[in-house]
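Enquirer: sequence unknown, structure follows:
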């Protein structure tokens, strides 16, 4: 694949391909870390929000509809 990419002009050399792959990997890892931080924050906020409650699907749906009506 590397040879084809270089031969077809997509990259100047194999090392350019490796550098590009490392940049993409680093970006993916950055996004992964941000997502993990966001999930941890949401978890912590949920845990700090107090005791949970039991609710049926019908009750939840009614509450969501009432909330949507309030917002317009």
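Expert: Alright, I've got the coordinates. Predicted model, so just to flag it, every value in this text is computed and none were measured.
Enquirer: Can you name the secondary structure element that comes next after the helix ranked longest in the chain?
Expert: Across the chain, the helix with the greatest residue count (assigned by DSSP state H) is helix 14-48. Helices and strands here follow DSSP states H and E; after helix 14-48, the next one along the chain is helix 57-71.
Enquirer: could you give me the average pLDDT of that following helix?
Expert: The pLDDT scores in helix 57-71 average 95.
Enquirer: Name the residues of it that come out as buried.
Expert: Buried residues in helix 57-71, counted by 16 or more other C-beta atoms under 10 Å: none are found. From N, CA and C alone the C-beta is placed, and that goes for glycine too.
Enquirer: Centre of the chain to that helix, how far?
Expert: 27 Å (C-alpha atoms, centre = their mean, to the nearest Å).
Enquirer: ok, residues contacting it?
Expert: For helix 57-71, the surrounding residues in contact (C-beta atoms under 8 Å, 6 or more residues apart in numbering) are residue 55.
Enquirer: Also stretch 4-21?
Expert: 2-3.
Enquirer: rewinding a little: which positions in the longest helix of the chain come out as buried?
Expert: Quick answer for helix 14-48 (16+ other C-beta under 10 Å): residue 17.
Enquirer: can you give me how far that helix is from the chain middle?
Expert: Per C-alpha atoms, centre = their mean, the displacement of helix 14-48 from the mean C-alpha position of its chain is 8 Å.
Enquirer: what's the average pLDDT for it?
Expert: 97.
Enquirer: Report the separation between the residue positioned nearest the centre of the chain and residue 52.
Expert: For the chain, the residue nearest the mean C-alpha position is residue 35 (4.7 Å; C-alpha atoms, centre = their mean). Look at residue 35 and residue 52: by C-beta to C-beta, to the nearest Å, they are 24 Å apart.
Enquirer: likewise residue 69?
Expert: Counting by C-beta to C-beta, the gap from residue 69 to residue 52 is 25 Å.
Enquirer: With residue 10 instead?
Expert: Separation of residue 10 from residue 52 (C-beta to C-beta) stands at 53 Å.
Enquirer: and if you look at residue 29?
Expert: With C-beta to C-beta as the criterion, residue 29 and residue 52 are 33 Å apart.
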